[in-house]
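Colleague: take a look and give me a structure for this.
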Amino acid sequence: MSIKTVAIIGCGIGRSHIVEGYLPHPDKFKVVAICDLNEERLKTIGDEFGIERRTTSFEELLADDGIDIIDICTPPGIHKEQVIAALAAGKHVICEKPLTGSLASADEIIAAEKTAKGTLMPIFQYRYGDGVEKAKRIIEAGLAGKFYMGSVETFWRRKPEYYAVPWRGKWATELGGVLVTHALHLHDMLFYLAGPATRVFGRVATRVNEIEVEDCASVSLQMQNGAFVSLSCTLGSQNEISRLRLHFENITFESNHEAYAPGQDPWQIIAANDDVRAKIDAVIADWQPVPLRFNTQMLRFHDYLMGKGPLPVTSADARRALELVTAIYQSSDSGADVALPIGPDSPKYAGWRARTK
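Modeller: Reported below is the predicted structural model:
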């Protein structure tokens, strides 16, 4: 059956999945159930979208053979258990970021996925939009040349009222701060365009809010291709900006500065000369619009399920993003450079809160 039935678990960001990801594709998805512990929220979302089935029981939905996809939009601290349970129930699984709270947990999920009937797709919706996808096509066409240097800025604002939600700002339930729940998007976009990092030096601090987790970070990366990239993050900016600026041999790319949709146009694509500009124009001459965020990610997931394309975001992609987080926390604690990849011998493999000696 081409229309896949979906149960949304958690009706906070889950509402955005419905509006942006499922409603634009009625020939591909049907949200048949919603689950939330807040019954008032269940009623509000159910009434808004005409979803009749509303429950507080996650297990009830796992047992329903009529549900194809479990879409997990719950607080991060329970992602691992819910993902593994949904895979064990034979479901396809979509999971909001962060996928989980340690590399050990990520590897447990990856192991569970290998023997599962269904497929896991982590959420990284910022990858999608005309700007970032044009850059991706141009780089993959070989026009950009050697990557020299880059900067990635996540300058957002979160006030005390944001942290009035009980699970936010705590290690046990949010799993981390700006690196885990905010900047993770932009850092994934960097890897999506420029490949992985090999060395990490970072500092983190809590300077903006009275919370357990970090809300400021400064990081230096050496990429696998030899380039240097700086990452800057804060939740104390007076105006919210998400920005990537990547300097290649033949082209400089700069994203728009829209905090929550940096993948959309306009991106600056600055060519070294007229010849490079002409080649860029030729590569994107047949461009077809790429809808933003969840719209395209869900569409491409459906294509994958129908055998029409690759899985748009993989568990390995999610692990790579979490590996960077692990390295930054380890570097900040130890004051030392950290080499990637990170395996079980890392002092933070099993958990980020363990102090590095």
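
Colleague: how many residues are close by Gly176?
Modeller: For Gly176, the tally of surrounding residues (other Cβ atoms under 10 Å) stands at 25. Where C-beta positions appear, they are placed from N, C-alpha and C, glycine not excepted.

Colleague: Leu235 contacts Ala183, doesn't it?
Modeller: No. Assessed by Cβ atoms under 8 Å, Leu235 is found out of contact with Ala183, at 9.6 Å.

Colleague: tell me, what's touching these two both at once?
Modeller: Shared contacts of Leu235 and Ala183 (Cβ atoms under 8 Å, 6 or more residues apart in numbering): none.

Colleague: name the nearest residue to Glu20, ignoring sequence neighbours.
Modeller: Nearest in space to Glu20, with sequence neighbours left out and distances taken as Cβ to Cβ, 6 or more residues apart in numbering, is Phe294 at 3.9 Å.

Colleague: residues contacting the one you found?
Modeller: Residues near Phe294 by Cβ under 8 Å, 6+ apart: 16-17, 20-21, 123, 125.

Colleague: can we see that at 6 Å?
Modeller: Contacts here follow Cβ atoms under 6 Å, 6 or more residues apart in numbering; on that basis Phe294 touches 17, 20-21, 125.

Colleague: got a winner among the residues you listed for most neighbours?
Modeller: The most neighbours of any of those, using other Cβ under 10 Å, belong to Gly21, which has 29 neighbours.

Colleague: wait, that one sits on Met298?
Modeller: Yes. Under the criterion of Cβ atoms under 6 Å, Gly21 makes contact with Met298 at 3.7 Å.

Colleague: helix/strand/coil for Lys308?
Modeller: Here Lys308 is recorded as coil under DSSP: H, G, I helix; E, B strand; the rest coil.

Colleague: now do the same for it: its pLDDT.
Modeller: For Lys308, the model assigns a pLDDT of 97.

Colleague: next one: Arg353
Modeller: 78.

Colleague: can you get me a residue count around it?
Modeller: 16.

Colleague: for it, helix, strand, or coil?
Modeller: Under three-state DSSP, Arg353 falls in the coil class.

Colleague: quick one: residues contacting it.
Modeller: The contact partners of Arg353, by Cβ under 6 Å, 6+ apart, come to Trp171.

Colleague: what about Gln330, which helix or strand?
Modeller: For Gln330, the enclosing helix or strand under DSSP states H and E is helix 315-334.

Colleague: the helix or strand following that helix packs against which elements?
Modeller: For helix 315-334, the following helix or strand on the C-terminal side (DSSP H and E) is strand 338-339. Identification of packing neighbours for strand 338-339 by 3 or more Cβ pairs under 6 Å, 6 or more residues apart in numbering; DSSP states H and E yields helix 315-334.

Colleague: now with 10 Å?
Modeller: Under the contact definition 3 or more Cβ pairs under 10 Å, 6 or more residues apart in numbering; DSSP states H and E, strand 338-339 sits against strand 197-205, helix 315-334.

Colleague: and the last one, what's buried?
Modeller: Applying a neighbour-count criterion of 16 or more other Cβ atoms under 10 Å, the buried positions in helix 315-334 are 315, 317-333.

Colleague: go on, stretch 134-153?
Modeller: Residues 134-136, 138-139, 143-144, 147, 150-153 are the ones in stretch 134-153 that count as buried (16+ other Cβ under 10 Å).

Colleague: try stretch 283-300
Modeller: Within stretch 283-300, the residues that count as buried by 16+ other Cβ under 10 Å are 283, 290-300.

Colleague: just send these back as JSON lines, with secondary structure, pLDDT and distance to Glu96 too.
Modeller: Below are these laid out as JSON lines (DSSP: H, G, I helix; E, B strand; the rest coil; pLDDT from 0 to 100; distance: Cβ to Cβ, whole Å):
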{"residue": "Val283", "secondary structure": "helix", "pLDDT": "98", "distance to Glu96": "33"}
{"residue": "Val290", "secondary structure": "coil", "pLDDT": "97", "distance to Glu96": "21"}
{"residue": "Pro291", "secondary structure": "coil", "pLDDT": "97", "distance to Glu96": "19"}
{"residue": "Leu292", "secondary structure": "coil", "pLDDT": "96", "distance to Glu96": "17"}
{"residue": "Arg293", "secondary structure": "coil", "pLDDT": "97", "distance to Glu96": "13"}
{"residue": "Phe294", "secondary structure": "helix", "pLDDT": "98", "distance to Glu96": "10"}
{"residue": "Asn295", "secondary structure": "helix", "pLDDT": "98", "distance to Glu96": "16"}
{"residue": "Thr296", "secondary structure": "helix", "pLDDT": "98", "distance to Glu96": "16"}
{"residue": "Gln297", "secondary structure": "helix", "pLDDT": "98", "distance to Glu96": "11"}
{"residue": "Met298", "secondary structure": "helix", "pLDDT": "98", "distance to Glu96": "13"}
{"residue": "Leu299", "secondary structure": "helix", "pLDDT": "98", "distance to Glu96": "18"}
{"residue": "Arg300", "secondary structure": "helix", "pLDDT": "98", "distance to Glu96": "17"}
